[in-house]
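In: Pasting the sequence and the predicted coordinates here, then a few questions.
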Amino acid sequence: MGRATLIGFSAVAMWALLALLTDASGQVPPFLLSAITFAIGTGVGLVARLFMAQPAEQPKIPPQVWLIGIAGLFGYHFFYFTALRNAPAVEASLIAYLWPLFIVLGSALMPGERLRWNHIAGALLGLAGTFLIVTKGGGLSFDSRYTFGYAMAGVCAFLWSGYSLLSRRFPSVPTTIVTWFCAATAVLSLLCHFALEETVLPANAGQWLAVIGLGLMPVGAAFYAWDHGVKRGNIQVLGAASYAAPLLSTLVLIVAGFAAPTPSIIAACILITGGAVLAAKSMLFGRNQPAGAEA
């Protein structure tokens, strides 16, 4: 279980590169960027298949798995982009980032899982740290004019947490299925681009490299790692530890010279790290592993 949890957390580490690489990709509109990067992510899965042992008989994939996977990957991005078009980015991002907390709370409904106080406390500490990062130590100003955008951000959080939790209910479905989820998301994103956006391609080699980097890691390998982690790892720990993504993303921007360290970042670091350790205390110290969890 510990190894699978670490693999799942590697997705969080890769998502930390999302802001930097997106910023470096130029003025490519969101749905077109999604289409290109998910097409590259599909390629990641196809290449991985060449090096993986394939079962003699391919397992039958239940229809609901397709619905869960495509709704999770495409649905999250569709509603996130819609939220940003209809609400301020700070408030929309914070609402969308309720998904780790929803995963921790929703895990109590999963077979063989037990939700303990440290999981909830760890997730809340992570949420508090994320609040400091997203607001830059300031406050929030929710405005009724943006109710639709806020609602779309809430749908984001619900969809991604639901995808993560429901994926765990199908542990026999191989992670390679994510290849086809990425392919469907690429096609649907391209259709949305043609319907909603003007085409703007990367302007130079550096921007194309950023787009390729997005497709290889945050919008590619990360989804395969996350699928493995939520199916076979400690999902409460993964949920709470996912709040490290905005922190790591901010630290990457600081190292790259796009942001400056501030007291709120330091406080967020303490809150998110402390929350992750608290949520993972049973796993870290070898006590009270969830009953029925897979090794």
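Out: Now that the structure is in, tell me what you want to look at.
In: what about the helices in the stretch 1-150 of the chain?
Out: Per DSSP state H, counting those that start in this stretch, the stretch 1-150 of the chain carries helices over the ranges 2-15, 18-24, 30-50, 63-70, 76-86, 89-96, 99-106, 117-135, 147-167.
In: out of these, nearest to P263?
Out: helix 117-135 (9.3 Å; Cβ to Cβ). For the C-beta atoms, the positions are set from N, CA and C on the backbone; glycine is no exception.
In: Could you pull out the buried residues of that closest one?
Out: Residues 118-127, 129-135 are the ones in helix 117-135 that count as buried (16 or more other Cβ atoms under 10 Å).
In: Also stretch 62-80?
Out: Result for stretch 62-80 [16+ other Cβ under 10 Å]: buried residues 65, 68-80.
In: So which of the helices of the stretch 1-150 of the chain is the most surrounded?
Out: helix 99-106 (a mean of 23; mean count of other Cβ atoms under 10 Å).
In: In terms of secondary structure, what does that one contact?
Out: On a contact count with 3 or more Cβ pairs under 8 Å, 6 or more residues apart in numbering; DSSP states H and E, helix 99-106 meets helix 117-135, helix 147-167, helix 235-241.
In: quick revisit: looking at the buried residues of stretch 62-80, spot the one nearest S93.
Out: Y80 (8.7 Å).
In: ok now do G26, which residues does it touch?
Out: 200, 202-204, 207, 210 (Cβ atoms under 8 Å, 6 or more residues apart in numbering).
In: Give me the below-cutoff pLDDT ranges for the stretch 1-150 of the chain.
Out: Within the stretch 1-150 of the chain, the ranges that satisfy pLDDT under 70 run 55-56.
In: three-state assignment of V173?
Out: What DSSP: H, G, I helix; E, B strand; the rest coil gives for V173 is coil.
In: Quick check, it in contact with P59.
Out: Yes: using Cβ atoms under 8 Å, V173 is in contact with P59, at 6.8 Å.
In: who has more neighbours, these two?
Out: The neighbour count for V173 versus P59, taken as other Cβ atoms under 10 Å, is higher for V173 (19 against 11).
In: could you measure the residue lying closest to that one once chain neighbours are set aside against L166, distance?
Out: Excluding its sequence neighbours, the residue lying closest to V173 (Cβ to Cβ, 6 or more residues apart in numbering) is V65, at 5.5 Å. Distance, V65 to L166, by Cβ to Cβ, to the nearest Å: 9 Å.
In: next one: phi and psi at S141?
Out: phi -140, psi 80 (degrees, to the nearest 10).
In: just checking, it touches E91?
Out: Yes: if you go by Cβ under 8 Å, S141 and E91 touch, sitting 7.5 Å apart.
In: Next, count neighbours for the nearest residue to G45 once chain neighbours are set aside.
Out: Leaving out its chain neighbours, the residue that sits closest to G45 by Cβ to Cβ, 6+ apart is T179, at 2.9 Å. Residues near T179, counting by other Cβ under 10 Å, number 21.
In: shouldn't T179 be in contact with R49?
Out: Yes: the criterion here is Cβ under 8 Å, and T179 meets it with R49 at 7.2 Å.
In: what inclination does the helix or strand containing G275 have with respect to helix 99-106?
Out: Element membership of G275, judged by DSSP states H and E, is helix 263-279. On the basis of axes from the mean of the first three to the mean of the last three Cα atoms, to 10 degrees, helix 263-279 is oriented at 20 degrees to helix 99-106.
In: show me the contacts for P218.
Out: Contacts for P218 (Cβ under 8 Å, 6+ apart) come out as 14-15, 17-18, 21.
In: Does it belong to a helix, a strand or coil?
Out: Relying on three-state DSSP, one would call P218 helix.
In: which residues touch the closest residue in space to it that isn't next to it in sequence?
Out: Among residues not flanking P218 along the chain, L18 sits closest, at 4.3 Å (Cβ to Cβ, 6+ apart). L18 makes contact with 214, 218-219, 249, according to Cβ under 8 Å, 6+ apart.
In: Which pair of those spans the longest distance?
Out: V219 and S249 (14.1 Å).
In: neighbour-wise, which of these two wins?
Out: V219 (30 against 20).
In: That one touches T37, doesn't it?
Out: Yes: with contact defined as Cβ under 8 Å, V219 reaches T37; the gap is 3.9 Å.
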